[in-house]
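sequence? don't have it. structure:
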């Protein structure tokens, strides 16, 4: 985290998102009902999903930061991806139903059944736009500092909420001043489609996280360049990455001079770890193995020499045993 006060935002982002979005949801539903705005009612779903996301943040961040134990030797970071998947699947299910019902309203006689909403819905939508823009900037900052997948989802949601509420405002204006009362319902259908698409996107990204998707290529390339810059590293033989919740885990194999000792190789490996941890943010576990640049592990070379020596001694003992047996027979 860049600033000491970030820890305060880290601990409070879930509660702030939960309280504000509960308030916005209630406001949208109440005004949507009394004003007759279908779009504002559907817009309440945007805040409702943020309530669910904020609720999961409170549990997800706490659970994912639990220390490694015997049953979870890679930590609990994937809990965030699991909670994110719950959000995505919930959105797909709910919005799929709303798409069906709202589309049926839209195509069942627009000029007869639809009425322009009361203008109170317009002022409510504009107020919600401002609130969501504030939450978007706030949650985006927190997500950047702690590199949390689920807080990043909340930030993306607040941005989409602001866009959605602006669309609601424009639909209400069109319903009143362009004599198109069905425009409010059309916006409601568009909101449902957008929410459905967002749910699919969140679910897909969460599944990738659960399936150990690698870190972005720019981070992999940066890790490779930093490793090569360490004195004593002749090559980067292999590098593997995985996203574990808020952290990125890196496992790599470096090539060193084959004449160096094992102790020297371990020392170079520690230098590589220190260089990566200090230069790459949100880095969790770093595992560095070393091998000679010619392609053999120093430890294996030593073991091979010991095995060859043991076999030589065994063959000598076997030869002596055979001679003793022959001498006894004679």
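On my side now, so go ahead. Computed from a predicted structure; not experimentally measured.

can you give me the helices for the stretch 101-250 of the chain?
For the stretch 101-250 of the chain, the helices defined by DSSP state H, counting those that start in this stretch occupy 110-113, 120-146, 149-177, 183-210, 217-228.

what's the closest of the ones you listed to residue 91?
Ranking these by proximity to residue 91 (C-beta to C-beta) places helix 183-210 first, at 3.1 Å. Every C-beta, even on glycine, is put in place using the N, C-alpha and C of the backbone.

Distance from that closest one to the middle of the chain?
18 Å (C-alpha atoms, centre = their mean, to the nearest Å).

Would you mind giving the helices of the stretch 101-250 of the chain as a markdown table with mean neighbour count added?
What follows is these, written out as a markdown table (neighbours: other C-beta atoms under 10 Å):
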| stretch | mean neighbour count |
| --- | --- |
| helix 110-113 | 11 |
| helix 120-146 | 20 |
| helix 149-177 | 23 |
| helix 183-210 | 20 |
| helix 217-228 | 15 |
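
any chance of those in CSV, plus distance to residue 85 and mean pLDDT?
Formatted as CSV, the helices of the stretch 101-250 of the chain follow (distance: least, C-beta to C-beta, whole Å; pLDDT from 0 to 100):
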stretch, distance to residue 85, mean pLDDT
helix 110-113, 37, 48
helix 120-146, 18, 86
helix 149-177, 10, 80
helix 183-210, 4, 80
helix 217-228, 23, 87
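
Need those in CSV (columns: distance to residue 50).
As requested, these are exported to CSV (distance: least, C-beta to C-beta, whole Å):
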stretch, distance to residue 50
helix 110-113, 31
helix 120-146, 8
helix 149-177, 5
helix 183-210, 11
helix 217-228, 29
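
Identify whichever of these lies nearest to residue 29.
When these are compared by C-beta to C-beta, helix 120-146 sits nearest residue 29, at 10.7 Å.

what domains does the record give for the chain?
With domains defined by automatic domain parsing, the chain comprises 6-210, 217-296.

which strands and helices sit next to the helix or strand harbouring residue 44?
In the assignment (DSSP states H and E), residue 44 maps to helix 38-64. The helices and strands touching helix 38-64, judged by 3 or more C-beta pairs under 8 Å, 6 or more residues apart in numbering; DSSP states H and E, are helix 6-35, helix 79-106, helix 120-146, helix 149-177, helix 183-210.

Would you mind telling me which of those is nearest residue 279?
The minimum distance between residue 279 and these falls on helix 120-146, with 17.1 Å, by C-beta to C-beta.

How far off centre is the closest one?
The chain centroid and the centroid of helix 120-146 are separated by 21 Å under C-alpha atoms, centre = their mean.
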